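*Asks:* below are the sequence and a predicted model for it; my questions follow.
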Amino acid sequence: MSAAPAAPAASSAPVVVQKYGGTSVGDVERLQRVARRIADTHRAGNRVLAVVSAMGDTTDDLVGMAAAVNGRPPQRELDILLTSGERIAMSLLAMAVEALGVPARSFTGSQAGIITDAVHGKARIVDVTPQRVRDALDEGRVVIVAGFQGVSRDTKDITTLGRGGSDTTAVAMAAALDADVCEIHTDVDGVYTADPRLVPDARKLDRLSFEEMLELAAQGAKVLQVRSVEFGRNHGVRIHVRSSFNGSEGTWIVPQEDMVEDAIISGVAHDTSEAKVTVVGVPDRPGVAAGLFSALAGATINVDMIVQNVSSAGRTDISFTVPRGEVDEARELLAPRLGEIGAEDLVVDPAVAKVSLVGAGMKTHPGVAARMFTALSAAGVNIQMISTSTIRVSVVVADADVATAVRAVHDEFALAGDAVVAEQGAG
């Protein structure tokens with residue numbers, strides 16, 4: 001029997017948004033533990049909205065079933081299939097919260113007002129209209145929202161937001177509700193200086209700027225989806241990354257002006273999900289590169305690092321990285337164009353990885369890149385590509401070298417100990 005709704009929460013009561021990933025709700029016992037955490041937050045006088053991912057390996061299992069019946073399943077049907085995992089989790093979690101005597105109501109992404117564009121598999125949120133959610137919160141209910149999904153503004157079809165999309169759902173809902181905080185509950189205690197699975201002595205960071213977290217996420221740190229950090233930065237949402245298994249303080253993602261001091265280096269990220277594509281012998285004339293990358297953009301294939309060699313005898317090589325899952329599509333798009341542009345060959349290397357050094361303090365400290373390259377050389381790691389920003393240095397290496405590269409760079413900058421910091425404006 002459902003619990004009776006509590007007295008409507010005062011409109012001034014704080015709104016707390018919590019997101020729980022698949023590991024956090026991986027089985028019934030864990031799901032019930034999450035329910036207790038949500039109930040406790042509600043009883044502390046907060047209006048609580050929880051965003052939940054599919055339980056455990058549900059999404060991977062559904063992808064496997066889809067592939068078994070159709071080697072290239074239509075993206076529209078795949079989105080409808082995959083969103084079922086979150087719907088199962090949201091309804092079970094609402095039931096578990098109700099069993100604790102706290103009224104709860106679950107909503108799919110479309111019911112919660114998550115409006116997206118029409119790109120299946122990696123849709124972008126274009127609006128949030130959370131009136132039903134607000135009403136439920138004001139009735140004193142806990143609201144459970146299915147993450148990773150929305151509805152297209154144009155086609156009215158169900159869409160998904162890509163891997164990690166529940167993070168973006170949570171931050172978007174927090175922005176729309178003017179929440180006091182958006183807590184991203186995960187299976188680690190926060191954001192670390194490197195992946196603890198590769199670097200056991202990696203250190204948890206107490207604070208990161210949005211810019212640093214954006215770079216870490218974009219370069220492969222799996223703790224937050226890139227678009228969730230962008231949403232938080234653009235809408236001023238305070239993000240707290242913390243463990244769903246204990247009550248310890250995690251990592252706060254804050255505006256740059258809230259950082260009292262900058263670590264020269266905040267962390268090392270790595271990404272083994274990309275492949276390198278090289279178009280060999282490209283005629284060195286205007287418009288050729290634009291044609292290649294326009295074709296990829298038209299297919300919504302994301303290009304990351306790009307390197308063009310110095311022209312020799314009127315020809316050059318252009319190398320770039322794309323997600324491994326999209327490399328076959330990229331090859332199919334570009335291969336017919338080789339003859340049109342007069343290029344000689346197309347070479348794909350899926351056995352690469354990207355290693356990135358991130359830190360706001362490097363803007364005012366010369367020599368960071370040189371130290372990174374020296375450390376990689378000493379470890380016997382060959383660099384294939386280099387890309388930089390004001391707070392990041394990234395290299396592409398053979399994927400067999402990724403663990404060695406991450407450890408070498410982490411050790412070079414002594415990230416396991418106390419961070420070396422620089423006062424704002426130094427230099």
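*Replies:* Cool, got the structure.
*Asks:* excluding chain neighbours, what is closest to Gly359?
*Replies:* Of all residues not flanking Gly359 in the chain, Ile265 sits nearest, at 3.8 Å (C-beta to C-beta, 6 or more residues apart in numbering). All C-beta atoms are positioned from the backbone trio N, CA, C, and that covers glycine.
*Asks:* count residues in the vicinity of that neighbour, would you?
*Replies:* 29 (other C-beta atoms under 10 Å).
*Asks:* over to the spatially closest residue to Gln131 that is not a sequence neighbour: give its phi and psi.
*Replies:* The shortest distance from Gln131 to any non-neighbouring residue, by C-beta to C-beta, 6+ apart, is to Gly113 (6.8 Å). Main-chain dihedrals, Gly113, degrees, to the nearest 10: phi 90, psi 20.
*Asks:* and Gly113, what pLDDT?
*Replies:* Looking at Gly113, its pLDDT reads 98.
*Asks:* where's it relative to Ala176, distance?
*Replies:* To Ala176, Gly113 is 7 Å away according to C-beta to C-beta, to the nearest Å.
*Asks:* any common contacting residues for these two?
*Replies:* 128-130 (C-beta atoms under 8 Å, 6 or more residues apart in numbering).
*Asks:* any quick PyMOL command for the buried ones out of those?
*Replies:* Burial among these is assessed by 16 or more other C-beta atoms under 10 Å; the matching PyMOL selection reads:
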select buried, resi 128+130
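*Asks:* sort out for me which of the shared contacts of Gly113 and Ala176 are in strands.
*Replies:* Val128 (DSSP state E).
*Asks:* which residues of the stretch 151-300 of the chain fall in strands?
*Replies:* According to DSSP state E, counting those that start in this stretch, the stretch 151-300 of the chain carries its strands in the segments 158-160, 181-186, 207-209, 239-243, 251-254, 261-263, 267-271, 274-283.
*Asks:* can you put those strands in JSON lines and add mean pLDDT, mean neighbour count and distance to Pro73?
*Replies:* Putting the strands of the stretch 151-300 of the chain into JSON lines (pLDDT from 0 to 100; neighbours: other C-beta atoms under 10 Å; distance: least, C-beta to C-beta, whole Å) gives the following:
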{"stretch": "strand 158-160", "mean pLDDT": "97", "mean neighbour count": "27", "distance to Pro73": "13"}
{"stretch": "strand 181-186", "mean pLDDT": "94", "mean neighbour count": "24", "distance to Pro73": "29"}
{"stretch": "strand 207-209", "mean pLDDT": "92", "mean neighbour count": "22", "distance to Pro73": "37"}
{"stretch": "strand 239-243", "mean pLDDT": "94", "mean neighbour count": "21", "distance to Pro73": "33"}
{"stretch": "strand 251-254", "mean pLDDT": "93", "mean neighbour count": "22", "distance to Pro73": "35"}
{"stretch": "strand 261-263", "mean pLDDT": "63", "mean neighbour count": "21", "distance to Pro73": "44"}
{"stretch": "strand 267-271", "mean pLDDT": "95", "mean neighbour count": "26", "distance to Pro73": "26"}
{"stretch": "strand 274-283", "mean pLDDT": "93", "mean neighbour count": "20", "distance to Pro73": "21"}
